[in-house]
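1. This is the structure alone, sequence omitted:
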């Protein structure tokens, strides 16, 4: 399972900063349970209903190489959330904080957005 997790992480990335000696812990039973619950919740439409009640600003940072298509995130959230911004990173996969070309920009945006 750890090899599968590492392979999926590589497939979800554009130019990752992964360390080849890094060990990924993967708990298959937990993953299966959480994913099953998540899919059930998503198919019910409840997350978007929760979004209608969201009163704080929301920013989605998404990579253009992410296997989860950006329109599947941007479209529903922009129609649901009152204060929503979408930022698309070029040459970036699913984990911008682990991408060579995106990491610094990701953290710069994060620092600006969470300042009080």
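-> Here it is on my side, so go on. As the structure is a computational prediction, the values presented were derived from the model and not from experiment. Numbering: from 1, shown residues only.

2. If you rank every helix and strand of the chain by mean pLDDT, what lands last?
-> Ranked by mean pLDDT, DSSP states H and E, the weakest helix or strand in the chain is helix 2-11, scoring a mean of 76.

3. between the helix or strand that it is followed by and helix 2-11, how big is the angle?
-> Heading C-terminal from helix 2-11, the first helix or strand you meet, by DSSP states H and E, is helix 28-44. Calculated by axes from the mean of the first three to the mean of the last three CA atoms, to 10 degrees, helix 28-44 forms an angle of 40 degrees with helix 2-11.

4. right, and the helix or strand after helix 28-44?
-> Assigned by DSSP H and E, the successor of helix 28-44 is helix 46-52.

5. Which residues belonging to the helix or strand following that following helix are considered buried?
-> Using DSSP H and E, the helix or strand that directly follows helix 46-52 along the chain is strand 58-63. By 16 or more other CB atoms under 10 Å, the buried positions in strand 58-63 come out as 61, 62, 63. (Glycine included, C-beta is placed from N, CA and C.)

6. Likewise for stretch 28-41?
-> The neighbour-count check on stretch 28-41 (16+ other CB under 10 Å) flags nothing as buried.

7. Could you tell me the average pLDDT over it, please?
-> The average pLDDT within stretch 28-41 is 89.

8. Could you dump the buried residues of strand 58-63 into CSV with pLDDT added?
-> Output for these, formatted as CSV (pLDDT from 0 to 100):
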residue, pLDDT
61, 97
62, 97
63, 96
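
9. Once you drop chain neighbours, what's closest to residue 57?
-> Nearest non-adjacent residue to residue 57, counting by CB to CB, 6 or more residues apart in numbering: residue 83, 4.3 Å away.

10. Please name the nearest non-neighbouring residue to the residue minimising distance to the centre of the chain.
-> Note on the chain: the residue nearest the mean C-alpha position is residue 94, at 5.6 Å, using CA atoms, centre = their mean. Excluding its sequence neighbours, the residue lying closest to residue 94 (CB to CB, 6+ apart) is residue 12, at 3.9 Å.

11. Quick check on the one you found: phi, psi?
-> Backbone torsions for residue 12, taken as degrees, to the nearest 10, come to phi -90, psi 0.
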